[in-house]
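In: Coordinates for the following, if possible.
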Amino acid sequence: MQPAQPIPTLARIALAVDPTPESLAAARYARTLLRPGMRLRIVCTIDNPRLVLPDIPRIDALLTSAREDMIREAQATNARIAALFDESGIAVEQVVVDTSVTGGTVADALVNDTLAWRADVLVVGANPHHGLLRLVEGAMSDTLTTRARCALLIVPAGYARPSDGTLQRLMFAVDGSEPSLHAVRVGLGFAAPTTLLYAAYVIDRAVRLTDFVPVRALEDAYRAEGEDALAKVGPLFHATGNPTKRGIVETRPTSDDVAHALMRDAVHWRAELLVVGSHGRRGIAAWLIGSVARRVAHLAQVPVLLVRGAE
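Out: Below you'll find the model as predicted:
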């Protein structure tokens, strides 16, 4: 038997912000996760004015003025967000990352900053129509999911926790793989002693049940697989001393998938955070590989923590 792996320490939280209400909501959510001894880095990344203001004549003085305005706005945004943490008792730092200096995209600059600062988690507020969602779409999502070494916490637009205390309901999507178990270990870093822990395994009936094998036989096999995956979580949960539950979730037979079934269950259970490993297998892997962050951002109705596999 392999020795139990310790729960990773979540000590360095990076918060990506912009002037949108979604960033404010994400900051308020992040505030409820912070514990004594943690550090918070508020990061506002600005674009190169040559790229975002193409109608401005290529006159150095005008570009410099535009850049200075963007920096001032970013500093003001950071200050507004930082004020939320005045009574938190944790170390808070503010930084403006200027892509006209660093080069690359906003996502490149943000990833480089979190890498240099050795962030454990990057928090992003997402709206389907504007703001930082661009960080979790298309090519930028590839940058975040392939280059970032920290976990990515996406807070959906309009989400508000029922209270400002510690997390009460923490949900984990598991599939029995080591990456999903690593995600459980990381997610447990946000649990308080009273947090209810829930591990869910999703049977993708819409994809995996076919006419080639009797449906009942497949259902029994996949349920057994699910029970095995949930059993692997048992020792991790038991070691916490928290109240726990484990359960199997099924997709609908048609017009459904793992992502939707998982999110429905998270909403029904009133999860305050859903933790998912980004390099799992089968159904969860099919959800997460490729356009992972974009899909999560558009589906999420509760905050989602995407955790990379252990290096």
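In: Could you use CA atoms for every contact and neighbour count after this?
Out: OK.
In: so how far is stretch 109-127 off the chain centroid?
Out: Relative to its parent chain, stretch 109-127 has a centroid offset of 11 Å by Cα atoms, centre = their mean, to the nearest Å.
In: Mind listing what's buried along that stretch?
Out: For stretch 109-127, burial by neighbour count (16 or more other Cα atoms under 10 Å) applies to 109-114, 119-127.
In: Strands - which of these land there?
Out: V121, L122, V123, V124, G125, A126 (DSSP state E).
In: Is it correct that the last one is in contact with L24?
Out: Okay, so that is A126. No - using Cα atoms under 8 Å, A126 makes no contact with L24, being 10.7 Å away.
In: Can you point out the buried residues in stretch 27-36?
Out: For stretch 27-36, by 16+ other Cα under 10 Å, it's A27, R28, Y29, A30, R31, T32, L33, L34, R35.
In: Show me what the helix or strand encompassing the first one is packed up against.
Out: Read it as A27. Element membership for A27, per DSSP states H and E: helix 21-33. Here helix 21-33 touches strand 12-17, strand 121-126, strand 151-156, going by 3 or more Cα pairs under 8 Å, 6 or more residues apart in numbering; DSSP states H and E.
In: Determine which two of the ones in strands among the buried residues of stretch 109-127 are furthest apart.
Out: Pairwise distances across these (Cα to Cα) peak at 15.6 Å, for the pair V121 and A126.
In: Could you measure from V267 over to I154?
Out: 15 Å (Cα to Cα, to the nearest Å).
In: Of the two, which one has the most company?
Out: More crowded of V267 and I154, by other Cα atoms under 10 Å: I154, with 25 against 14.
In: my guess is D164 contacts T32, does it?
Out: Yes - D164 is within contact range of T32, at 5.6 Å (criterion: Cα under 8 Å).
In: ranges for the helices of the chain?
Out: 21-33, 49-52, 60-82, 99-102, 106-117, 138-147, 178-187, 205-208, 215-240, 258-269, 282-288, 292-299 (DSSP state H).
In: Would you mind measuring from Q94 to G158?
Out: Using Cα to Cα, Q94 is found at 25 Å from G158.
In: Oops, could you answer that again for A239 instead?
Out: From A239 to G158 the distance is 34 Å (Cα to Cα).
In: These two - which one has more neighbours?
Out: Higher neighbour count among A239 and G158: G158, with 14 against 9, using other Cα under 10 Å.
In: Now find how far off-centre stretch 98-105 is within its chain.
Out: For stretch 98-105 - counting by Cα atoms, centre = their mean - the centre lies 24 Å from the chain centre.
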